[in-house]
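Peer 1: Sequence and predicted structure below; questions after.
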Amino acid sequence: MTQTSSKQAKIIATLGPSSSSVEMVLALAKAGANVFRLNFSHGDYEEHAARIKAVRLAEKELGRPLGMFMDLQGPKFRLGTFVEGKVYLEKGQSIKFDLNSAAGDENRVHLPHPEIINALSEGDRLLIDDGKMIMRVSKVDEDRVIAFAEVDGYLSDRKGVSLPDCEINVSAMTEKDKRDLAFGLDQGVGSVALSFVQRPEDLIELRELAGERTQLISKIEKPTALVHLEGILEHTDAVMVARGDLGVELPPEKVPAIQKRIVSAARNLGRPVIVATQMLETMINTPTPTRAEASDVASAVYDGADAVMLSAETAAGDYPLEAVSMMARIITEVESDPLHRSLMEASRKGTESTKTDAISAAARQVAPTVNAKAVICYSTSGKTALRAARERPEAPVIALTYDTQIARALSLVWGVNAVVCPDATDMREMVQTALKVTSEKGLVETGDTVVITAGVPFGSAGTTNILRIAEVGGEA
């Protein structure tokens with residue numbers, strides 16, 4: 001019936017060596033991918049430009065918007081080098097981390113980040129190489145810290161350093177990120193994910209550089225971000241539970257509850273929320289996932305996440321198409337379970353005292369009463385579609401907008417199918433256009449009942465104040 005998948009939760013596929021061709025991007029989209037991620041931690045501008053072009057060509061072939069976002073690398077803290085490449089420390093053994101750029105040994109090593117030394121206090125931890133090595137600070141001087149090993153293990157050249165116990169006074173955007181942002185915006189990518197967000201000020205800085213129309217996605221991967229979560233959500237357009245780095249800086253047993261907390265908080269404010277990292281990790285090298293991985297994806301869908309994300313599975317794995325297809329099947333299976341609908345009803349958030357919220361809540365209540373096949377909303381800024389999706393209605397939400405960038409951004413949102421079409425100038429034209437466009441796209445059929453929401457005056461953002469019931473093929 002439709003050109004889009006019947007699933008409501010969306011799939012994000014990361015592009016990379018395994019998925020750079022137009023043919024593969026098109027196949028991934030047909031298999032269920034709604035949004036494509038460009039990981040600026042890897043690849044050069046020529047490669048990213050080719051992938052952006054591939055997504056746009058696939059979008060044209062499909063005849064529907066495909067979302068895309070650039071994922072900025074963010075600040076990376078690393079050790080210097082060692083004379084012999086690495087040193088072995090026994091539990092309890094101490095080593096100095098200092099600003100001396102000379103190669104290190106078992107007594108000292110270069111830590112080329114004075115901001116880290118300034119932020120650390122006695123008792124704080126340094127997690128090296130994704131937490132494989134745990135160091136505890138015993139003394140802090142002006143230009144060095146002394147820390148002892150809490151486990152036996154190696155320190156080796158240029159391994160990453162994480163600091164779970166302190167907030168580092170450093171911008172979330174490096175000079176590389178600023179160059180990457182300028183490149184992506186110049187290429188027409190209208191959404192950007194910011195890594196290692198710690199506080200709302202990080203997003204304010206990004207907004208000044210990216211502009212008001214850019215969709216900002218905050219990656220929550222540091223414990224300090226959880227302290228400022230409410231403020232971060234107020235300043236972001238969407239949020240990602242980046243469980244990889246979050247799982248390094250927090251004990252693994254804490255991550256599931258934190259994931260649910262972030263999903264719930266984001267849904268409460270109507271911010272799209274993505275669950276990411278290691279969802280189908282086994283499928284990097286095998287054509288099927290573990291049952292635990294399938295349950296992990298399902299759990300995120302049961303929680304009402306807007307999107308689930310594939311990283312290396314599609315970027316560098318051997319089975320990118322199979323990974324997207326499997327994720328789509330898991331989502332579809334969960335959403336066909338009556339328990340899923342019960343959970344969506346039970347977790348529905350309260351209606352805010354705005355016209356848009358009132359109309360969106362009414363549309364959700366009216367749709368099943370009249371057996372509507374879709375809720376169609378005109379959305380100049382995308383906010384009406386976001387509010388409609390926040391209600392988690394049973395009927396799919398079709399967002400009509402004249403702005404291609406808004407349509408692409410809505411590809412991330414639960415249950416929303418976005419269609420680019422001319423704006424209406426009066427009520428009759430509004431209904432006629434809604435029925436004609438959605439019918440031509442195969443989203444509804446003749447005889448279907450639909451609920452339409454819009455705002456007067458037409459074309460003005462934030463004015464949703466009309467609800468209309470109409471029949472496809474009937475009188476407007």
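Peer 2: That came in fine, so what should we check first? Numbers count the residues shown, from 1 in each chain.
Peer 1: neighbours of S439, just the number please.
Peer 2: S439: 16 surrounding residues under other Cβ atoms under 10 Å. Every C-beta, even on glycine, is put in place using the N, C-alpha and C of the backbone.
Peer 1: And for P338?
Peer 2: As a burial measure, P338 scores 7 neighbours (other Cβ under 10 Å).
Peer 1: if I look at the closest residue to G160 other than its chain neighbours, how far off is H113?
Peer 2: Among residues not flanking G160 along the chain, R78 sits closest, at 5.6 Å (Cβ to Cβ, 6 or more residues apart in numbering). Distance of R78 to H113, given as Cβ to Cβ, to the nearest Å: 8 Å.
Peer 1: do Q73 as well
Peer 2: Q73 sits 15 Å away from H113, going by Cβ to Cβ.
Peer 1: just E249 next, same as before
Peer 2: Look at E249 and H113: by Cβ to Cβ, they are 16 Å apart.
Peer 1: and if you look at R56?
Peer 2: As for R56, its distance to H113 is 39 Å (criterion: Cβ to Cβ).
Peer 1: quick one: which of R78 and H113 has more around it?
Peer 2: When R78 and H113 are compared for neighbours, H113 comes out ahead with 20 against 16, by other Cβ under 10 Å.
Peer 1: What are the boundaries of the strands in the stretch 101-250 of the chain?
Peer 2: 108-110, 125-128, 133-140, 144-149, 153-156, 161-162, 191-194, 215-220, 238-242 (DSSP state E, counting those that start in this stretch).
Peer 1: Tabulate these (TSV), appending distance to M68 and mean neighbour count.
Peer 2: TSV is the format used below for the strands of the stretch 101-250 of the chain (distance: least, Cβ to Cβ, whole Å; neighbours: other Cβ atoms under 10 Å):
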stretch	distance to M68	mean neighbour count
strand 108-110	38	21
strand 125-128	32	21
strand 133-140	37	18
strand 144-149	41	19
strand 153-156	36	18
strand 161-162	29	19
strand 191-194	7	25
strand 215-220	10	26
strand 238-242	13	26
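Peer 1: export those strands to a markdown table and tack on distance to E84 and mean pLDDT?
Peer 2: Converted to a markdown table, the strands of the stretch 101-250 of the chain look like this (distance: least, Cβ to Cβ, whole Å; pLDDT from 0 to 100):
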| stretch | distance to E84 | mean pLDDT |
| --- | --- | --- |
| strand 108-110 | 12 | 97 |
| strand 125-128 | 17 | 94 |
| strand 133-140 | 16 | 96 |
| strand 144-149 | 18 | 97 |
| strand 153-156 | 10 | 96 |
| strand 161-162 | 20 | 92 |
| strand 191-194 | 37 | 98 |
| strand 215-220 | 36 | 97 |
| strand 238-242 | 34 | 97 |
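Peer 1: Report the set of residues contacting both of R78 and H113.
Peer 2: Counting by Cβ atoms under 8 Å, 6 or more residues apart in numbering, the common neighbours of R78 and H113 are V161.
Peer 1: re the thing from before, separation between the residue nearest to G160 and P256?
Peer 2: On the measure of Cβ to Cβ, R78 and P256 end up 29 Å apart.
Peer 1: cool, and L66?
Peer 2: L66 is 31 Å from P256, by Cβ to Cβ.
Peer 1: next one: A50
Peer 2: Counting by Cβ to Cβ, the gap from A50 to P256 is 38 Å.
Peer 1: cool, F183 as well?
Peer 2: F183 sits 36 Å away from P256, going by Cβ to Cβ.
Peer 1: now swap in D337 and tell me
Peer 2: From D337 to P256 the distance is 20 Å (Cβ to Cβ).
Peer 1: Now do the contacts for the most far-flung residue of the chain relative to its centre.
Peer 2: Most distant from the centre of the chain: N107, at 41.9 Å, with distances by Cα atoms, centre = their mean. N107 makes contacts with 95-96, as judged by Cβ under 8 Å, 6+ apart.
Peer 1: Over to H113?
Peer 2: Counting by Cβ under 8 Å, 6+ apart, H113 makes contact with 77, 161.
Peer 1: circling back: which one of F183 and P256 has more residues nearby?
Peer 2: More crowded of F183 and P256, by other Cβ under 10 Å: F183, with 16 against 12.
Peer 1: pretty sure G160 contacts G131?
Peer 2: No - checked against Cβ atoms under 8 Å, the pair G160 and G131 is beyond contact range at 9.6 Å.
Peer 1: quick one, longest helix in the protein?
Peer 2: Determined from DSSP state H, the single longest helix within the chain is helix 45-62.
Peer 1: counting contacts, what elements does that helix pack onto?
Peer 2: Taking 3 or more Cβ pairs under 8 Å, 6 or more residues apart in numbering; DSSP states H and E as contact, the helices and strands that helix 45-62 lies on are strand 10-15, helix 22-31, strand 33-39, strand 67-71, helix 175-186.
Peer 1: quick one, it and helix 22-31 angle?
Peer 2: Per axes from the mean of the first three to the mean of the last three Cα atoms, to 10 degrees, the angle that helix 45-62 makes with helix 22-31 is 50 degrees.
Peer 1: May I have the beta-bridge partners of the spatially closest residue to G92 that is not a sequence neighbour?
Peer 2: Computed as Cβ to Cβ, 6+ apart, the closest residue to G92 that is not its neighbour in sequence is F148, at 5.7 Å. Here F148 sits in beta bridges with S94, R136, as judged by DSSP bridges.
Peer 1: is it true that F148 touches M135?
Peer 2: Yes - counting by Cβ under 8 Å, F148 touches M135, with 6.8 Å between them.
Peer 1: what residues do the two have in common as contacts?
Peer 2: Contact criterion Cβ under 8 Å, 6+ apart; residues shared by F148 and M135: I95.
Peer 1: doesn't V297 fall inside a strand?
Peer 2: No - counting by DSSP: H, G, I helix; E, B strand; the rest coil, V297 is not part of a strand but helix.
Peer 1: would you turn the strands of the stretch 101-250 of the chain into TSV with distance to A434?
Peer 2: Output for the strands of the stretch 101-250 of the chain, formatted as TSV (distance: least, Cβ to Cβ, whole Å):
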stretch	distance to A434
strand 108-110	63
strand 125-128	53
strand 133-140	58
strand 144-149	63
strand 153-156	61
strand 161-162	50
strand 191-194	26
strand 215-220	24
strand 238-242	26
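Peer 1: Ok, which of those strands comes nearest A424?
Peer 2: strand 215-220 (24.7 Å; Cβ to Cβ).
Peer 1: so R341 sits in a helix?
Peer 2: Yes - remark: R341 belongs to a helix, assigned using three-state DSSP.
Peer 1: Grab the nearest non-local neighbour of it.
Peer 2: Distance criterion Cβ to Cβ, 6+ apart; nearest residue to R341, sequence neighbours excluded, is E394 at 6.8 Å.
Peer 1: Just say helix, strand or coil for that neighbour.
Peer 2: E394 - assigned by three-state DSSP - is coil.
Peer 1: my read: it touches P368, true?
Peer 2: Yes - counting by Cβ under 8 Å, E394 does reach P368; the two are 5.8 Å apart.
Peer 1: between the two, who's got more neighbours?
Peer 2: Taking other Cβ under 10 Å, E394 and P368 do not tie; E394 has more neighbours (15 against 12).
Peer 1: OK, contacts around the more buried one?
Peer 2: Neighbouring residues of E394 by Cβ under 8 Å, 6+ apart: 341, 367-368.
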